[in-house]
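Undergrad: Attaching a predicted model along with its sequence, questions to come.
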Amino acid sequence: MPVGLLFPGEMGAAVGAAVRTKVLWASEGRSRATAERAEHAGLVDVGSLAELVASSEIVLSVCPPAIAEDVAVQVFDLGFSGLYVEANAISPARMARIAELGPRIVDGSIIGRGGIHLYLAGPSNDVQEVAALFEGTAVEAIPLGSDLGAASALKMAFGGWNKIGVALAAQAHAIARAYGVEDALEVEGVAGERVSRAAPKAWRWAPEMAEVAATCGELGLPESIGKGAAELYARWDEHRDTEVPLERLLDDLVVKRG
């Protein structure tokens with residue numbers, strides 16, 4: 001049962017490496033760093049997305065949230081009729097739109113916190129088929145029931161709590177630096193290191209926070225917290241996959257007023 005993986009980023013490669021069958025990926029248009037991750041994870045390169053779709057019975061999408069829907073459209077436009085696992089950090093509403101694209105779709109979300117949990121929601125037989133791919137591996141597949149959107153909602157809840165927390169830490173350090181009290185802030189437990197670790201991932205986190213804001217809007221909750229975090233992370237776009245000193249990150253948060 002070949003499984004196609006879209007795409008082997010840091011988390012995608014870790015999930016793909018755990019699958020208990022052959023995992024395919026498509027190198028066309030991907031970076032050298034992605035190819036190295038895929039090779040290290042033992043994935044099989046089939047070259048193009050078209051070949052991956054034609055050769056896979058299950059497609060597992062683990063990509064940046066900003067392109068998740070476009071990627072799903074591309075896969076189904078290529079005639080995919082197998083089982084599609086949408087495992088990205090997207091809102092339940094976006095998940096619902098993707099669910100209309102094909103006949104067999106499972107809603108998934110990945111939370112890596114001391115281990116990798118793959119939450120799954122959808123038709124029982126399909127969820128069980130996906131969970132079986134990870135039985136006895138480092139990835140724990142956890143069913144959430146049959147309601148498509150449940151796994152996406154969990155990711156929005158957890159991702160918002162976790163990543164908005166980092167954004168608040170960045171804001172706190174920016175305020176403290178303006179008055180020379182950064183050391184006292186650190187003593188009180190607001191670690192600048194947590195902010196520095198987040199910056200290389202901010203290009204992915206900004207769209208995810210926009211999805212959190214959209215989810216809140218759908219539920220009648222305040223959207224501004226998620227939107228604010230998305231704006232903050234967008235100011236670090238240029239630091240994609242690059243470690244940057246905390247001082248520079250805080251400089252980038254400040255909008256100079258004329």
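TA: Arrived safely, thanks for sending.
Undergrad: roughly how far apart are the closest residue to residue 133 other than its chain neighbours and residue 54?
TA: Once flanking residues are discounted, residue 133 sits nearest to residue 19: 5.0 Å by C-beta to C-beta, 6 or more residues apart in numbering. Bear in mind the C-beta positions are built from the backbone N, C-alpha and C, glycine included. According to C-beta to C-beta, to the nearest Å, residue 19 and residue 54 sit 19 Å apart.
Undergrad: Neighbour count: those two, which is higher?
TA: Set residue 19 next to residue 54 and count neighbours by other C-beta atoms under 10 Å: residue 19 wins out with 21 against 13.
Undergrad: The more buried one touches residue 4, doesn't it?
TA: No - using C-beta atoms under 8 Å, residue 19 is not in contact with residue 4; the gap is 10.5 Å.
Undergrad: Quick check: neighbours shared by these two?
TA: residue 60 (C-beta atoms under 8 Å, 6 or more residues apart in numbering).
Undergrad: all strands for the stretch 101-250 of the chain, in order.
TA: With DSSP state E, counting those that start in this stretch, the ranges of strands along the stretch 101-250 of the chain come out as 104-112, 116-121, 139-143.
Undergrad: JSON lines please, covering the ones you listed and showing distance to residue 232, mean pLDDT and mean neighbour count.
TA: Formatted as JSON lines, those follow (distance: least, C-beta to C-beta, whole Å; pLDDT from 0 to 100; neighbours: other C-beta atoms under 10 Å):
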{"stretch": "strand 104-112", "distance to residue 232": "22", "mean pLDDT": "97", "mean neighbour count": "22"}
{"stretch": "strand 116-121", "distance to residue 232": "27", "mean pLDDT": "98", "mean neighbour count": "22"}
{"stretch": "strand 139-143", "distance to residue 232": "31", "mean pLDDT": "98", "mean neighbour count": "18"}
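Undergrad: For residue 184, see how far away the nearest residue to residue 78 once chain neighbours are set aside is.
TA: Setting aside the residues directly before and after it, residue 78 is nearest to residue 53 in space (C-beta to C-beta, 6+ apart), at 4.4 Å. The gap separating residue 53 from residue 184 is 56 Å, by C-beta to C-beta.
Undergrad: Could you measure from residue 204 over to residue 253?
TA: Distance of residue 204 to residue 253, given as C-beta to C-beta: 18 Å.
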